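Asker: dropping the sequence and predicted coords here.
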Amino acid sequence: GTAINICLPACAMQRPGDVFGGAELLSSLPLQMALYFNVHFTPLWFIGCLAAAGVDEDHGLLGSHTSVWYTVSFFGVAVIEAVRLYMGYAANLFERVPLLTAFLVVSLVVELPMLFAMFLREDNPSFEWSLTLLLLVFVIAEGLMSIRVALRMSTEQSSRYHLLNDLDLGPDVVQTMQYTETRI
């Protein structure tokens, strides 16, 4: 075999129930790395923004009307970020197109506008501004990568489905394939 199969034999193993003798894994390493670093950056962002809001004497965490919407959006982003990162991990590792699409929608439609509003706030401290900028870069990069991965996964899974229909393998093999495709 190849050098990678000799050094890392787990990479050469087939997935359970794989009819085609070793299908290519469709998960994206760049997306997984971005999610990994984002998981480690998000607590730092949360603590840093809380510290910056606590230090800001003019507008504390609940000092004015603008800080009320800021506080709601801040905690909303924090909760959404945790759910979004879980969906990204699960979708990428288990090759789930619906979960990856949900990750994409939550990233670009729900979280991105709230982050932009936090980023473009007028009385934003520079430390908080820089932390939010880094989180924005993560969300945009992960969104762009997930579009590419979702297109690739859906094309590959569609071709597997059509190949299974063309082969007419019998109910036992098709049921095994459906079970391995739907479990998480």
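Answerer: Ah, there it is.
Asker: for the chain, what spans make up the helices?
Answerer: For the chain, the helices defined by DSSP state H occupy 3-7, 29-55, 65-94, 97-105, 112-119, 126-167, 171-182.
Asker: kindly reformat these as a markdown table containing mean pLDDT and mean neighbour count.
Answerer: Every C-beta, even on glycine, is put in place using the N, C-alpha and C of the backbone. As requested, the helices of the chain are arranged in a markdown table below (pLDDT from 0 to 100; neighbours: other CB atoms under 10 Å):
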| stretch | mean pLDDT | mean neighbour count |
| --- | --- | --- |
| helix 3-7 | 51 | 9 |
| helix 29-55 | 90 | 15 |
| helix 65-94 | 88 | 17 |
| helix 97-105 | 94 | 19 |
| helix 112-119 | 89 | 16 |
| helix 126-167 | 89 | 16 |
| helix 171-182 | 54 | 12 |
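Asker: in contact with V139, which residues?
Answerer: 107-108, 111-112, 115 (CB atoms under 8 Å, 6 or more residues apart in numbering).
Asker: which one among the residues you listed gets closest to I47?
Answerer: Among the contacts of V139, L115 lies closest to I47 (CB to CB), at 16.9 Å.
Asker: any idea how far that closest one is from L134?
Answerer: Taking CB to CB, to the nearest Å as the measure, L115 falls 11 Å from L134.
Asker: likewise for W69?
Answerer: 22 Å.
Asker: show me the contacts for F46.
Answerer: Here F46 is in contact with A78 (CB under 8 Å, 6+ apart).
Asker: pull the contacting residues for the spatially most central residue of the chain.
Answerer: The structure's the chain has its C-alpha centroid closest to G88; by CA atoms, centre = their mean the separation is 2.6 Å. Contacts of G88 were listed using CB under 8 Å, 6+ apart, and they are 31, 35, 100, 103, 107, 142, 146.
Asker: isn't the last one right up against L99?
Answerer: In this case it means S146. No - applying CB atoms under 8 Å as the test, S146 and L99 come out as separate, 10.4 Å apart.
Asker: between those two, what contacts are shared?
Answerer: A91.
Asker: gap between the closest residue to S146 other than its chain neighbours and S154?
Answerer: Nearest non-adjacent residue to S146, counting by CB to CB, 6 or more residues apart in numbering: L104, 4.8 Å away. L104 sits at a distance of 12 Å from S154 (criterion: CB to CB).
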